[in-house]
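Peer 1: Below are the sequence and a predicted model for it; my questions follow.
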Amino acid sequence: MNTLAIDGAAGDGVQLIVAGNGRLYALNVTAEELWAWDAPDTDTTAERLGPIAAGAAPWGLALAPDDSLLFVANSGAANVGVYDTTDLTIAPALIDVTSAAPYALAIAQTTADLKLFVADRTNKTMRIFAVRPGDPTPYPLLGGPANLLDHPLDLVVSSGGRWLYALVTDSSD
């Protein structure tokens, strides 16, 4: 077991995701910083990378299935930062999510291509973007926003990308 500390993090202000190669990513929401730890080779000491600046009011995290791209929802900046995980010192590419507060993210490899699902907490909607690094338009929006029943808390996609599940609040309580 590895115990890792995140400077200045408290309560629910931390989001975690782990890559297939064992690298752990932690988003310190309060400090608007991203941290990474490479998995230890033979001992229990993980190499800490960071801090890496995140956007304004970051929240959701998602990793491409091949672990090459890390996506961070920046609610306060109306965008999603796309980090190249092979070099976290490079500024992220930005996917503009106009007039929205990106909050929860999910990603799926489909037969057509990679799709990024972005839940908008303010407008209670979800948008889908294709992920095509190297194309002239690497993150095109696919259609318009789809309405959700209430404010999204999280998104998850089934294997193969057939089903998207949205966890939303229940404001009727």
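Peer 2: Yep, it's here.
Peer 1: can you pull out the strands in the protein?
Peer 2: Along the chain, counting by DSSP state E, strands occupy 14-18, 24-28, 33-38, 47-53, 58-63, 69-74, 79-84, 93-96, 102-109, 114-120, 125-131, 146-147, 152-157, 164-168.
Peer 1: Kindly compare burial across those strands and name the winner.
Peer 2: strand 69-74 (a mean of 25; mean count of other Cβ atoms under 10 Å). Every residue, glycine included, has its C-beta placed from N, CA and C.
Peer 1: hmm, who's touching it?
Peer 2: For strand 69-74, contacts defined as Cβ atoms under 8 Å, 6 or more residues apart in numbering pick out 17, 25, 27, 34, 54-64, 80-85, 92, 102-105, 107, 116, 118, 131, 133.
Peer 1: In CSV, list the C-alpha atoms belonging to that strand.
Peer 2: What follows is strand 69-74, C-alpha atoms only, in CSV (Å, rounded to 0.1, in the frame of the first residue of the first chain):
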residue,chain,number,x,y,z
LEU,A,69,-4.4,11.7,-23.0
LEU,A,70,-5.8,13.0,-19.7
PHE,A,71,-8.9,15.2,-19.8
VAL,A,72,-9.8,17.7,-17.0
ALA,A,73,-13.1,19.5,-16.9
ASN,A,74,-12.6,23.2,-16.0
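Peer 1: in its sheet, what does that strand sit against?
Peer 2: strand 58-63 (antiparallel), strand 79-84 (antiparallel) (DSSP bridges).
Peer 1: Ok, which of those strands comes nearest Leu153?
Peer 2: Leu153 lies closest, by Cβ to Cβ, to one member of the strands paired with strand 69-74: strand 58-63, at 9.9 Å.
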